[in-house]
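Undergrad: Here you go, sequence then predicted model.
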Amino acid sequence: MKSKDMKELTSLISKLRKIQRTLIYKHTQLKTIYEDDKHKHLMMILLEECSQTDDIFDAESQFSDVNFEEFNRGGDFTGLKSISTVRWNCVFKLAQVHLNHIGSIKKCLEELEEYDLILTKQDSILLGGVVELLDVFNVFTTYIQGNDFPTLNSLVLFYSEIKDRLETIHLMTTDDLIEKAADILLTNLNRRMPLPMEAIASALLDPSTQHLKIINEWLNLEGYSKVEVIETVAQSMKINIHETISEAPILDDRDTTVQPKSLREKLLAKHINMIHGSSNLEQELELFAQKKEIPACVLSFWRQNESSFPKMSAVAKVILGIPATTAKSESAFSIAGCLIQRRRASIEPMRAEKTLFIHDNYDLFNF
């Protein structure tokens, strides 16, 4: 995205910031615009949201001092972060508030006689495009923030969703700038959000994601089969799937209870596998492909079906425990920073570790 396009975008964001501050500074006057309770309530919501988003930004506008003459990256898109410290989710929140209350904001600006701040038709179109574009990534971050332990299998699902929505925006948008942005994001999606083999393997081990179209596309592009992916990941993680004890698989999906086996049956299953023959990874994958359920917890699914898929479960135990992002680790370091301060510099490492453990697992304690 060239400097001209960036200037148009940052000009819109700067305008939104000015609108936001105008509404906050004139909030006492704006409360008297509407007489009925319904519109008064909507006005209070608008002012509250403006106040919340204002806290995100610094006191001075961070978009007013951008020197676009010096901003020359050969026409490549590098994002707002390269020219401003404001993150995309802050811009998304700011734009979303204005889009949701665009009619009320226009009326407020007319009442205040701030006609130069009223968004033009082109500004409104660009604003809608910005919200739609950034909402693509907001869905993923919302899931990550709301999930205590997001694992690798979720990456493939959200990669598919992000790619599909970007393609839709690229085809349907009427704004040239948003079309360019969507095209650049699609072009760089694999570089900025690569799908490692471990993510593909974890998606294959989840009955709810194993049939995603993106998996077959990845396999065809990289030249792997499903069996090769599982075996390669198992080898890289030093998981021995060739010496797993094969027990009789539960072929009937309706029988979800694990029946206790006698010592004789266990020995027969271990040494000669006379009941259903020896299990191999390819057979397990074929049987697993028939699973159409969407388990609430994939780890609970493997706990119940471990005996049916001994080789796959050996890999699933390891790979489905890998977090999808470093958000949880970063949160732990942040909390540790609040705990270990100058006034508590002498706290023992073990005591600090136990305190952090209790903090992260407080909801599991039954006092």
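TA: All right, it came through fine.

Undergrad: State the distance from the residue most central in space within the chain to residue 167.
TA: Geometric centre of the chain, nearest residue: residue 140, 2.5 Å, by Cα atoms, centre = their mean. Going from residue 140 to residue 167 by Cβ to Cβ, to the nearest Å gives 16 Å. All C-beta spots, glycine's among them, are computed from the backbone N, C-alpha and C.

Undergrad: Over to residue 284?
TA: 34 Å.

Undergrad: Neighbour count for these two, which is higher?
TA: residue 284 (21 against 13; other Cβ atoms under 10 Å).

Undergrad: Pull the contacting residues for that one.
TA: Shown in contact with residue 284 (Cβ atoms under 8 Å, 6 or more residues apart in numbering): 309, 310, 311, 312.

Undergrad: 6 Å - rerun?
TA: 309, 311, 312 (Cβ atoms under 6 Å, 6 or more residues apart in numbering).

Undergrad: For residue 323, grab phi and psi.
TA: Backbone geometry at residue 323, expressed as degrees, to the nearest 10, gives phi -70, psi 150.

Undergrad: Run a quick neighbour tally on it.
TA: Every residue meeting other Cβ under 10 Å relative to residue 323 is counted, giving 14.

Undergrad: cool, the one 10 residues further on as well?
TA: Residues within reach of residue 333, counting by other Cβ under 10 Å, total 10.

Undergrad: Would you mind naming the helix or strand containing it?
TA: For residue 333, the enclosing helix or strand under DSSP states H and E is helix 327-339.

Undergrad: Tell me the spacing between the closest residue to residue 175 other than its chain neighbours and residue 179.
TA: Taking Cβ to Cβ, 6 or more residues apart in numbering as the measure, residue 175 lies nearest to residue 129, with 4.6 Å between them; neighbours along the chain are not counted. Separation of residue 129 from residue 179 (Cβ to Cβ): 9 Å.

Undergrad: do the same with residue 363
TA: If you measure residue 363 against residue 179 using Cβ to Cβ, the figure is 45 Å.

Undergrad: for residue 351, same thing?
TA: Using Cβ to Cβ, we find residue 351 at a distance of 56 Å from residue 179.

Undergrad: Next, residue 204: phi, psi?
TA: For residue 204, the backbone dihedrals (degrees, to the nearest 10) come out as phi -70, psi -30.

Undergrad: Output the below-cut-off pLDDT ranges for the stretch 151-300 of the chain.
TA: Under the criterion of pLDDT under 70, the regions of the stretch 151-300 of the chain flagged as low confidence span 243-279.

Undergrad: Helices of that one, start to end?
TA: Per DSSP state H, counting those that start in this stretch, the stretch 151-300 of the chain has helices spanning 153-172, 176-187, 189-192, 197-204, 213-222, 226-236, 263-271, 281-288, 298-305. These are given in chain order.

Undergrad: Take these and write them to JSON lines, including distance to residue 357.
TA: Rendered in JSON lines, the data for the helices of the stretch 151-300 of the chain read as follows (distance: least, Cβ to Cβ, whole Å):
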{"stretch": "helix 153-172", "distance to residue 357": "25"}
{"stretch": "helix 176-187", "distance to residue 357": "39"}
{"stretch": "helix 189-192", "distance to residue 357": "34"}
{"stretch": "helix 197-204", "distance to residue 357": "26"}
{"stretch": "helix 213-222", "distance to residue 357": "37"}
{"stretch": "helix 226-236", "distance to residue 357": "30"}
{"stretch": "helix 263-271", "distance to residue 357": "37"}
{"stretch": "helix 281-288", "distance to residue 357": "36"}
{"stretch": "helix 298-305", "distance to residue 357": "20"}
